[in-house]
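Student: Model the structure of this input:
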Amino acid sequence: MASQEKYTILYGRLSQEDMQKRSGKEDDSNSIQNQRLLLEKYAADKGFTNTRFIYDDGYTGTNFNRPGWQEVMELIESEQVGTLIVKDMSRLGREYLQVGQYTELVFPSYGVRFIAVNDGVDSLVESSNDFTPFRNIINEFYCKDCSNKGRAVVKLKAQTGARIATRPLYGYMKDPDDPKRHIVPDPDTAPVVKRIFTLCADGMGPSKIAQQLETDQIPTPSYYCYEKYGVKLTGLDTSRPFAWSATTISRILENETYLGVTVNMKTTTVSYKNKKRIDRPESEQFRFEGTHEPLIDSQTWEIVQDNRRHKRRYTKFKEPSLFSGLVYCMDCGAVMTYHRTHGEKEAKARFICSNYRKNSKTTCSVHGIREEDLYAIVLDDLRRITHFARQNERRFAEYIGMKRTKEAQKEMRSLEKQISAMTKRQSELMSLFKRLYEDNVLGRIPDEQYRILSTEYTSEQENIKAALPELTKHLQELKDSTSNFDRFLDNARKYTEINELTPELLHTFIKRIEVSERARKYSRTASQDIIIHYRDIGIVDDMPQELEDILRQVAEMEGDITYAQEPVFPTGS
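Tutor: Next comes the predicted model:
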């Protein structure tokens, strides 16, 4: 293209901050329309021809990822631009390194004349560029100052428990009476959230839940937002409105907001230049309970979190076993996995210690239990406990309260010892690091040995750092907890007739089942211990004989043969 035919680009930019100022009528000089008028008048007065106005409205100056600017650069790189004119240096950008790269290297290499009208900068006049680098730094300081002030305002708001998110979480909507601070259940999506938690509590995983919602043609959160508010979120595919993903389901199941809890400052950006989101440590977050109406109760939340930690695997023969994720080896603590060989009848399906199957005979033994035997034991014990709880509420409550107190005290003492030992070891490691460094500097130990020991100490320190918060949190939970007998009793009243086990029943009442090795290894008839940990009340298989007698008397009075007889626990495998 001939020199006289090259464009004179008039470039304008307006950021979100400038738009907010404009809406507040503090400064109207930076509006896109005013920038255009100023640049066109300047071009006409100075005799520039073949002008073309390109702008970015609502884009930050801290980076150059702007559609208008990309268009400008395409024209410059194809050598179609002779002159680039902006109102001032801040309109070009506020990131002084990149601005300097463009003005000092890029524009001169393509023969582009650069003019910033209000700052008196003209690349043809060398003296006008002397102060430009300092002006660029000042422009960036302005961005940094605005960012710091904005963060301070958001933090102050977050500390009060107010909502700082601009868009309500899926399942909620802005409260019409207080849209800036409060959220209420969305009648369209709240039932979907409740259903997701219910399906997971019944043992269904995120992938299966996503498939179910897609089959039922439930719009995804992003598509619902687009359909209701007209907001097109990142990654939205409007051609697949029902394409739920396991990731979306998992995020819903892990979000405490549905419990009526507000957690502010969970994430932040790397800096005012880098907008990548990163997670904040829990110590820097602000957590408030009871800030809005919950969509699920605490029991459902606990069941779901337990299910998420112990994922159920689908077998080649059928759906996962009812007990998948609930059965543990009493000897080594490993999960017991469902096992059934080809050609084997379903009645012979059994649970085997996963530690033995994955590793070797030295880590644990092959012991296990048949699924049908476990089913009979759990059903019988569950009926026994719930029946007694309903008939003898006061005595059962006293027994559970006394038992839970002893167990909690024992566990708290154990946790306190672990925390104390870890804290002491942390101090020791700091001292070891100092001595190790000094010995290396003084030449007492070679570099290779220093590297090996340093790596070992660092690894140990990181392990302690990761474990300590979890132990401390668990200890605090034990200190704050009381027996949830009332919740257990409510469930016992709800399920008055338990004729068969279902996923809902198991996850409502049972937290964990432990199976021991038989008294004689490889024996099919020797006795075997089965310990059932009930949700909310713990282990109840060692009730005093007087309570058992009361249970039997009540059963006899009611003519309940099942409970009047001695319970029979199958032991065959």
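Student: From residue 513, how far out is residue 539?
Tutor: 11 Å (Cβ to Cβ, to the nearest Å). Just so you know, the C-beta spots here come from the backbone N, C-alpha and C atoms, and that holds for glycine as well.
Student: Show me whatever sits in contact with both of those two.
Tutor: The overlap between the contact sets of residue 539 and residue 513 (Cβ atoms under 8 Å, 6 or more residues apart in numbering) consists of 531-533.
Student: Which member of those residues is positioned nearest residue 178?
Tutor: residue 533 (43.4 Å; Cβ to Cβ).
Student: Now do the strand or helix carrying that closest one: which elements does it pack against?
Tutor: Assigned by DSSP states H and E, residue 533 belongs to strand 530-534. Judged by 3 or more Cβ pairs under 8 Å, 6 or more residues apart in numbering; DSSP states H and E, strand 530-534 is in contact with helix 371-391, strand 510-515, strand 538-539.
Student: neighbouring strands for that strand, and are they parallel or not?
Tutor: Applying DSSP bridges to the sheet, strand 530-534 is found paired with strand 510-515 (antiparallel), strand 538-539 (antiparallel).
Student: okay, the ones you listed, which one's buried deepest?
Tutor: Of all those, strand 510-515 carries the top mean neighbour count, a mean of 19, counting by mean count of other Cβ atoms under 10 Å.
Student: what's in contact with that one?
Tutor: Strand 510-515 is contacted from outside by 306, 323, 326-330, 336, 351, 367-369, 374, 378, 382, 528-535, using Cβ under 8 Å, 6+ apart.
Student: If we use 6 Å, what do you get?
Tutor: The contact list for strand 510-515, computed with Cβ atoms under 6 Å, 6 or more residues apart in numbering, reads 326-328, 330, 369, 530-533, 535.
Student: How far off centre is that strand?
Tutor: When C-alpha coordinates are averaged (Cα atoms, centre = their mean, to the nearest Å), strand 510-515 and its chain have centres 27 Å apart.
Student: Equivalent analysis for stretch 38-48, please.
Tutor: Computed by Cα atoms, centre = their mean, the chain-centroid distance of stretch 38-48 equals 54 Å.
Student: Also stretch 441-461?
Tutor: 36 Å.
Student: buried residues in it?
Tutor: Buried positions in stretch 441-461, judged by neighbour count with 16 or more other Cβ atoms under 10 Å: 450, 453, 457, 461.
Student: where's the third one, which helix or strand?
Tutor: This points to residue 457. Using DSSP H and E, residue 457 maps to helix 447-480.
Student: What count of nearby residues applies to residue 486?
Tutor: When neighbours are defined as other Cβ atoms under 10 Å, residue 486 has 12 of them.
Student: The helix or strand where it lies versus strand 530-534: what angle between them?
Tutor: Taking DSSP H and E as the criterion, residue 486 maps to helix 485-494. When axes from the mean of the first three to the mean of the last three Cα atoms, to 10 degrees is applied, the directions of helix 485-494 and strand 530-534 differ by 100 degrees.
Student: Return the set of buried residues in helix 485-494.
Tutor: Quick answer for helix 485-494 (16+ other Cβ under 10 Å): 485, 487-489, 491-492.
Student: Ok, stretch 233-242 next?
Tutor: Residues of stretch 233-242 classed as buried: 236, 241 (neighbour count, 16+ other Cβ under 10 Å).
Student: Distance from it to the middle of the chain?
Tutor: 22 Å.
Student: neighbour-wise, which of the shared contacts of residue 539 and residue 513 leads?
Tutor: Counting by other Cβ under 10 Å, top hit in these: residue 532 with 20 neighbours.
Student: residues touching it, list them.
Tutor: Listed by Cβ under 6 Å, 6+ apart, the contact set of residue 532 reads 381, 513.
Student: so it bridges to which residues?
Tutor: Applying DSSP bridges to residue 532 gives these bridge partners: residue 513.
Student: list the buried ones in the host helix or strand of residue 214?
Tutor: Using DSSP H and E, the element containing residue 214 is helix 206-215. Of the residues in helix 206-215, 206, 208-210, 212-214 count as buried by neighbour count, 16+ other Cβ under 10 Å.
Student: Need the residues you listed in TSV (columns: pLDDT).
Tutor: Converted to TSV, the buried residues of helix 206-215 look like this (pLDDT from 0 to 100):
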residue	pLDDT
206	90
208	89
209	93
210	93
212	92
213	94
214	93
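Student: about what we covered before: now tabulate the buried residues of helix 485-494 in TSV and tack on pLDDT and distance to residue 96.
Tutor: Listed next are these as TSV, based on pLDDT from 0 to 100; distance: Cβ to Cβ, whole Å:
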residue	pLDDT	distance to residue 96
485	75	65
487	83	60
488	85	64
489	86	68
491	87	64
492	87	69
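Student: could those go into a markdown table alongside distance to residue 201?
Tutor: A markdown table is the format used below for the buried residues of helix 485-494 (distance: Cβ to Cβ, whole Å):
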| residue | distance to residue 201 |
| --- | --- |
| 485 | 21 |
| 487 | 14 |
| 488 | 16 |
| 489 | 19 |
| 491 | 13 |
| 492 | 18 |
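Student: Mind naming the longest helix for the chain?
Tutor: When the chain is parsed with DSSP state H, its longest helix is helix 393-441.
Student: For it, what is the distance to the chain centroid?
Tutor: Counting by Cα atoms, centre = their mean, helix 393-441 is centred 27 Å from the centre of its parent chain.
Student: Offset the numbering so it begins at 12, please.
Tutor: Renumbered: residue one is now 12, and that last one reads helix 404-452.
Student: Compute the mean per-residue pLDDT across that helix, please.
Tutor: When pLDDT is averaged along helix 404-452, the result is 80.
Student: From residue 192, how far out is the closest residue to residue 544 other than its chain neighbours?
Tutor: Residue nearest to residue 544 in three dimensions, not counting chain neighbours: residue 523, with 4.1 Å by Cβ to Cβ, 6 or more residues apart in numbering. According to Cβ to Cβ, residue 523 and residue 192 sit 41 Å apart.
Student: Residue 166 and residue 291: what is the separation?
Tutor: Counting by Cβ to Cβ, the gap from residue 166 to residue 291 is 11 Å.
Student: and if you look at residue 518?
Tutor: Counting by Cβ to Cβ, the gap from residue 518 to residue 291 is 32 Å.
Student: of those two, who's got more company?
Tutor: residue 518 (24 against 14).
Student: Distance-wise, check that one relative to residue 546.
Tutor: Distance from residue 518 to residue 546, by Cβ to Cβ: 8 Å.
Student: Could you report the pLDDT at the residue lying closest to residue 517 once chain neighbours are set aside?
Tutor: Leaving aside its chain neighbours, residue 517 sits nearest to residue 333 (6.0 Å; criterion: Cβ to Cβ, 6+ apart). pLDDT for residue 333: 80.
Student: and what of residue 387?
Tutor: Looking at residue 387, its pLDDT reads 90.
Student: if we can go back for a sec, wait, which of the helices and strands packed on strand 541-545 is closest to residue 137?
Tutor: strand 521-526 (78.0 Å).
Student: relative to helix 382-402, how tilted is the closest one?
Tutor: Using the same axes, to 10 degrees: strand 521-526 against helix 382-402 is 130 degrees.
Student: And the average pLDDT for strand 521-526 is what?
Tutor: Summarised as a single mean, pLDDT over strand 521-526 is 88.
Student: CA atoms only: put it into CSV for me.
Tutor: Extracted C-alpha coordinates of strand 521-526, given in CSV (Å, rounded to 0.1, in the frame of the first residue of the first chain):
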residue,chain,number,x,y,z
ILE,A,521,-25.2,-46.3,59.1
LYS,A,522,-21.9,-44.6,58.8
ARG,A,523,-19.5,-47.6,58.7
ILE,A,524,-19.4,-51.4,59.1
GLU,A,525,-16.2,-53.2,60.2
VAL,A,526,-15.6,-56.9,59.6
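Student: Sweet, I'm off.
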